[in-house]
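1. my questions concern the predicted model and sequence given below.
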Amino acid sequence: MKSRFLLLLLFLSFSFAFAQPNTEVFLFDLEVKNGKYTFTKGKNISNNEGYDNQPSFVNDNQILFASTRGGQTDIVSYRANYDTKTWVNFTEGGEYTPLKIPKKNAVSAVRLDKDGKQRLYSYSLSNGESTELISDLVVAYYTWYDEHTVVSAVIEEQNLNLYVSNIKEGWNRKYATNVGRSFHKIPNSNLVSFISKENATWTIKSLNPVTGDTKVIANTIKGVEDMCWLINGDMLMGKDNKLYKLTINKDNNWKEIIDLSEYGIKNISRITGNSISNKLLVAAEIGALPTSNEENTDTESVSNSDSNSTSTSDVESIVQRNLDAYNARDIDAFMKDYADNVKLYAYPNTLQTEGKKAMREGYLDWFERTPDLNAFIKKRIVIGNKVIDEEQVTANGQIFNAVAIYEVENGKIIKVTFIQ
């Protein structure tokens, strides 16, 4: 028990996601032409109170990031073409640094369980089921080199040390000590970059995961350890509210390319680009927008709310709380989230019950007759004031699938439509 406590303290000291500031994830279109950088269509795609960070691209349309809901951090999948968010997993532990696993229909993430256990897991994109990937290392940050090989920062004593792990063959090899949290495949090479903190001046180094060879590439901006590569070989780093670039063998120092304060961005933490470097994700805290913002016409809100005074994050929290009460068969807590005039429909528009009294009677009987009742959310989409859940329900020894569409107004569920 003492070792778990010490591990948790060490975990906190590496500033993962506990007691983190309120951060958001922004998506930008990026164009690089003749050395000039142009950023357009800046959009807050997380738009959620709390911690939203560690974004990554699955492809040019799908984005993963860690997001807080109901007091814990889980994996969100954002679809740019539909402007929608789907929760990938529903575990009791908190998930961080989600990445698509190469050549597999799954994502990986570092999970911190409530008992203090911290490990790297995979999560199926089909049903959300999780599998432990590396059982004997406390992984904090990582990247995939290929579908079998992970390069990671591992917590050991008072340091983060660099390991290469082969999931298929089951081996781990240490290649560097005192490293940072930023790992990236270097474009057009068989190398991975990492941040070395062995000296007072931090450096960006390359690693060959096959041979273990390392080489210095450049110094970081002072005190900054988050970076990304572009397909043209440029490196980007963010500090405060500004982005900087460094072109190897050309630039002597990091050069400022944009001030993002016009988007209300401050204290940039994570940045990452897509495979062809025409889109960029920026995770940062939110500051006040400039008083004169007439020219900033590209900033958009991700929330597609209808005429509804409840925020998108609150809508999802209400539905999740209601699901928890359903699984606990707590009729009072369950009914508390519904409006007095709530209506239940069978898809598309067959009215089943109207009003809380009729609904309570039906569900009270259902709860009393179903001791093994449990609904597992396979997939969730949140659009404005609507939550769409694909559910796998266990009841009286049988399992069936259903879809529930919730509509929330003024903090209460006013309508539910079921599809079976």
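-> Alright, I've got the coordinates.
2. rounded mean pLDDT for the strand or helix carrying residue 75, please.
-> Remark: residue 75 resides in strand 72-79, with elements defined by DSSP states H and E. In this model, strand 72-79 has a mean pLDDT of 90.
3. given whichever helix or strand comes after that strand, what are its sheet partners and their directions?
-> Going down the chain from strand 72-79, the next helix or strand is strand 84-87, by DSSP H and E. Each strand pairing with strand 84-87, determined using DSSP bridges, is listed with its direction: strand 72-79 (antiparallel), strand 374-383 (antiparallel).
4. just name the most buried of those strands.
-> Comparing the strands paired with strand 84-87 by mean neighbour count (mean count of other C-beta atoms under 10 Å), strand 72-79 ranks first with a mean of 22. Using the backbone N, CA and C atoms, a C-beta is placed for each residue, glycine as well.
5. my guess is residue 28 contacts residue 37, does it?
-> No - checked against C-beta atoms under 8 Å, the pair residue 28 and residue 37 is beyond contact range at 10.3 Å.
6. who's more crowded, those two?
-> Between residue 28 and residue 37, counted using other C-beta atoms under 10 Å, residue 28 has the larger neighbour count: 22 against 18.
7. quick check: bridge partners of the more buried one?
-> Partner residues in beta bridges with residue 28, using DSSP bridges, are residue 280.
8. wait, what's in contact with it?
-> In this structure, residue 28 makes contact with 39-43, 279-282, judged by C-beta atoms under 8 Å, 6 or more residues apart in numbering.
9. got a pLDDT number for it?
-> 97.
10. separation between it and residue 49?
-> In this structure, residue 28 and residue 49 are 22 Å apart, going by C-beta to C-beta, to the nearest Å.
11. same deal with residue 143?
-> Per C-beta to C-beta, residue 143 is found 29 Å from residue 49.
12. ok, these two, which is more surrounded?
-> residue 143 (20 against 15).
13. show me what contacts that one?
-> Residue 143 sits in contact with 99, 150-152, 183-185, 192, where contact means C-beta under 8 Å, 6+ apart.
14. let me see the backbone angles for it.
-> phi -150, psi 160 (degrees, to the nearest 10).
15. which of the contacts of residue 143 fall in strands?
-> Members of the contacts of residue 143 lying in strands (criterion: DSSP state E): 99, 150-152, 184-185, 192.
16. tally of neighbours for residue 149?
-> For residue 149, the neighbour count with other C-beta under 10 Å is 18.
17. still on that earlier bit, would you turn the strands paired with strand 84-87 into a markdown table with distance to residue 247?
-> As requested, those are arranged in a markdown table below (distance: least, C-beta to C-beta, whole Å):
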| stretch | distance to residue 247 |
| --- | --- |
| strand 72-79 | 31 |
| strand 374-383 | 40 |
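18. okay, domains of the protein per the record?
-> According to automatic domain parsing, the chain comprises the domains 2-301, 312-419.
19. buried among the contacts of residue 28? Make that a PyMOL selection.
-> Here is the PyMOL selection string for the buried members of the contacts of residue 28, based on 16 or more other C-beta atoms under 10 Å:
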select buried, resi 39+42+43+279+280+281+282
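20. pipe the contacts of residue 143 into TSV and attach pLDDT per row.
-> As requested, the contacts of residue 143 are arranged in TSV below (pLDDT from 0 to 100):
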residue	pLDDT
99	97
150	98
151	98
152	97
183	97
184	97
185	96
192	98
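21. closest to residue 202 among the residues you listed?
-> In terms of C-beta to C-beta, no member of these lies closer to residue 202 than residue 183, at 14.3 Å.
22. count the neighbours of residue 175 for me.
-> Look at residue 175: counted by other C-beta under 10 Å, it has 18 neighbours.
23. in the stretch 151-300 of the chain, where is pLDDT below threshold?
-> Counting by pLDDT under 70, the stretch 151-300 of the chain shows low-confidence ranges at 288-300.
24. would you map the helices across it?
-> Taking DSSP state H, counting those that start in this stretch as the test, none of the stretch 151-300 of the chain falls into helices.
25. so residue 341 sits right up against residue 358, yeah?
-> No - applying C-beta under 8 Å as the test, residue 341 and residue 358 come out as separate, 11.1 Å apart.
26. can I get whichever helix in the chain runs longest in PDB, CA atoms only?
-> When the chain is parsed with DSSP state H, its longest helix is helix 312-327. Listed in PDB are the C-alpha atoms of helix 312-327, where the atom choice follows Å, rounded to 0.1, in the frame of the first residue of the first chain:
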ATOM      1  CA  THR A 312     -23.000  20.500 -24.000                       C
ATOM      2  CA  SER A 313     -20.700  19.200 -21.200                       C
ATOM      3  CA  ASP A 314     -23.600  19.600 -18.600                       C
ATOM      4  CA  VAL A 315     -26.000  17.700 -21.000                       C
ATOM      5  CA  GLU A 316     -23.600  14.700 -21.100                       C
ATOM      6  CA  SER A 317     -23.000  14.800 -17.400                       C
ATOM      7  CA  ILE A 318     -26.800  14.700 -16.700                       C
ATOM      8  CA  VAL A 319     -27.300  11.700 -19.000                       C
ATOM      9  CA  GLN A 320     -24.300   9.800 -17.500                       C
ATOM     10  CA  ARG A 321     -25.500  10.500 -14.000                       C
ATOM     11  CA  ASN A 322     -28.900   9.200 -15.000                       C
ATOM     12  CA  LEU A 323     -27.400   6.000 -16.500                       C
ATOM     13  CA  ASP A 324     -25.500   5.400 -13.200                       C
ATOM     14  CA  ALA A 325     -28.700   5.600 -11.300                       C
ATOM     15  CA  TYR A 326     -30.300   3.200 -13.800                       C
ATOM     16  CA  ASN A 327     -27.600   0.700 -13.200                       C
END
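27. pLDDT on the following helix or strand past it, on average?
-> Toward the C-terminal end, the helix or strand that comes next after helix 312-327 (DSSP H and E) is helix 331-335. In this model, helix 331-335 carries a mean pLDDT of 93.
28. buried ones in helix 331-335, by neighbour count?
-> Counting neighbours by 16+ other C-beta under 10 Å, the buried set in helix 331-335 is 331, 334-335.
29. of all those, which comes closest to residue 158?
-> Using C-beta to C-beta as the measure, the one of those that approaches residue 158 most closely is residue 334, at 47.5 Å.
30. tell me the contacts of the nearest residue to that closest one once chain neighbours are set aside?
-> Nearest residue to residue 334, sequence neighbours excluded (C-beta to C-beta, 6 or more residues apart in numbering): residue 325, at 4.0 Å. With contacts taken as C-beta under 8 Å, 6+ apart, residue 325 has the following neighbours: 333-334, 336-337.
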